[in-house]
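Novice: Predicted structure and sequence below. I'll ask about it afterward.
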Amino acid sequence: MITQESLFDPVPEAPDRQKSPAEGLGDLRRMSLECRQCRLAETRNSVVFGEGNPEARLFVIGEAPGAEEDAQGRPFVGRSGQLLDKILLAIGFERKDVYIGNIIKCRPPQNRNPLADEIDCCKPWLMQQLEIINPKVLLLLGRVAANTMLANTQSMGSMRGKLIGWNGFDCFVTYHPAALLRNPNWKRLCWEDVQLLRAHYDKVCPNG
């Protein structure tokens, strides 16, 4: 819950252009660990800031941390994270090559969907990460992440399988790995999506 006191909690500031992306992310991460802007600060074990290459050309964005992520303070480390690693490897990316984060940085209780006010409080951290890293391509995992980033209410079927431009980024939408674990029949569609992403990535980032 946002209180009068929480209004004075750390909020992301414009990145210092004289610092390297790694330094800028380090500063931002330290600030985020102190954030208590929403009710999720009361139930979290960890702030799951994100991790990966600070100069990545591909930024992978999910919905929210789960139980394993909340315990370890790292994104996508549970069963869905293992599947994400396999998906990335299948199209030639190691985890260290990309940057991985979520719409919100604290686990919602019982892994419920994040609420609108929680997203509003947390999204500025993600937007600053995007500004610092300045990737070319975004992979949006799941409907919640895609609807949030693209500011729409469209279905997965209407968003996946194509390039979507947003704020200067080239975006691709596919199923969240947790959804693939529940519905293995969607893996073929996910494979089509990430192959499309890889082909586009090679065109816009020919030097890797």
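Specialist: Yep, it's here.

Novice: helix, strand or coil for the spatially most central residue of the chain?
Specialist: Geometric centre of the chain, nearest residue: residue 61, 2.3 Å, by Cα atoms, centre = their mean. Judged by DSSP: H, G, I helix; E, B strand; the rest coil, the three-state class of residue 61 is strand.

Novice: Do I have it right that it meets residue 138?
Specialist: Yes - in this structure, residue 61 is within contact of residue 138 by Cβ atoms under 8 Å, at 6.1 Å. The C-beta positions use only the backbone N, C-alpha and C, and glycine is treated the same way.

Novice: Okay, now the unreliable bits of this structure?
Specialist: For the chain, residues meeting the criterion pLDDT under 70 lie at 1-17.

Novice: which residues in it form strands?
Specialist: Assigned by DSSP state E, the chain shows strands spanning 51-52, 58-62, 99-102, 137-141, 164-166, 169-174.

Novice: and residue 26, which of those is closest to it?
Specialist: Closest approach to residue 26 among the strands of the chain (Cβ to Cβ): strand 51-52, 11.8 Å.

Novice: circling back to that earlier point, anything in contact with each of residue 61 and residue 138?
Specialist: residue 149 (Cβ atoms under 8 Å, 6 or more residues apart in numbering).

Novice: separation between the residue nearest to the centre of the chain and residue 136?
Specialist: The gap separating residue 61 from residue 136 is 14 Å, by Cβ to Cβ, to the nearest Å.

Novice: now residue 195
Specialist: For residue 195, the distance to residue 136 - Cβ to Cβ - is 17 Å.

Novice: In terms of neighbours, single out the busier of these two.
Specialist: The residue with more neighbours, out of residue 195 and residue 136, is residue 136; 15 against 12, by other Cβ atoms under 10 Å.

Novice: Would you agree the more buried one is in contact with residue 58?
Specialist: Yes - at 7.5 Å, residue 136 and residue 58 qualify as touching, with contact defined as Cβ under 8 Å.

Novice: who touches both of these two?
Specialist: residue 201.

Novice: got the buried residues for stretch 161-173?
Specialist: Residues of stretch 161-173 classed as buried by neighbour count (16 or more other Cβ atoms under 10 Å): 164, 169-173.

Novice: Closest to residue 130 out of the residues you listed?
Specialist: Comparing the buried residues of stretch 161-173 against residue 130 with Cβ to Cβ places residue 169 closest, at 7.5 Å.

Novice: give the contact list for the closest one.
Specialist: Contacts of residue 169 (Cβ under 8 Å, 6+ apart): 130, 135-138.

Novice: Kindly recompute the last result at 10 Å.
Specialist: 59, 130, 134-138, 140, 149 (Cβ atoms under 10 Å, 6 or more residues apart in numbering).
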